[in-house]
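Chemist: The following comprises the amino acid sequence and a computationally predicted model.
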Amino acid sequence: QVQLVESGGGLVQAGDSLRLSCAASGRNFNLYGMAWFRQAPGKERELVAGISSSGYTLYADSVKGRFALSRDNGKNTLYLQMNSLKSEDTADYYCAGNKFGGVSATSAQYDVWGQGTQVTISS
């Protein structure tokens with residue numbers, strides 16, 4: 001089973017960009033479906049974007065056209081490029097992996113989670 005470590009969060013202004021990274025250790029990262037979830041204070045955790053082991057991608061409507069998800073299996077790393085950030089993007093962002101290779105908006109489908117990285121957007 002892989003272990004996941006997120007990085008790249010921080011405090012930026014509305015309209016700025018950030019790139020989050022999720023580094024995986026362990027075997028068979030390429031077989032995992034991977035995703036970014038986020039959780040804002042007082043709200044439920046929600047899918048931001050996911051990518052299956054075969055490359056199928058899934059995005060939340062709220063981030064389509066602004067965020068781009070990619071993975072580099074050679075580096076065992078998942079990326080989330082976030083552009084045109086808005087105050088409503090403020091949340092803790094979590095990387096998650098599904099050992100069966102699929103991608104879903106349901107957090108319970110994911111077997112492994114990182115500890116999260118905080119993203120704060122000032123308006």
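Modeler: Sure, I can see it.

Chemist: For Ser25, which non-adjacent residue is closest in space?
Modeler: Gln3 (4.9 Å; Cβ to Cβ, 6 or more residues apart in numbering). To be clear about C-beta, it is placed using only N, CA and C from the backbone, and glycine gets the same treatment.

Chemist: What pLDDT is listed against that neighbour?
Modeler: Looking at Gln3, its pLDDT stands at 96.

Chemist: That one: neighbour count?
Modeler: Gln3 has 12 neighbouring residues, counting by other Cβ atoms under 10 Å.

Chemist: Return the residues in contact with the closest residue in space to Gly10 that isn't next to it in sequence.
Modeler: Closest residue to Gly10 apart from its sequence neighbours, by Cβ to Cβ, 6+ apart: Leu18 at 6.5 Å. Leu18 makes contact with 8-10, 12, 82, 85, 119 under the criterion Cβ atoms under 8 Å, 6 or more residues apart in numbering.
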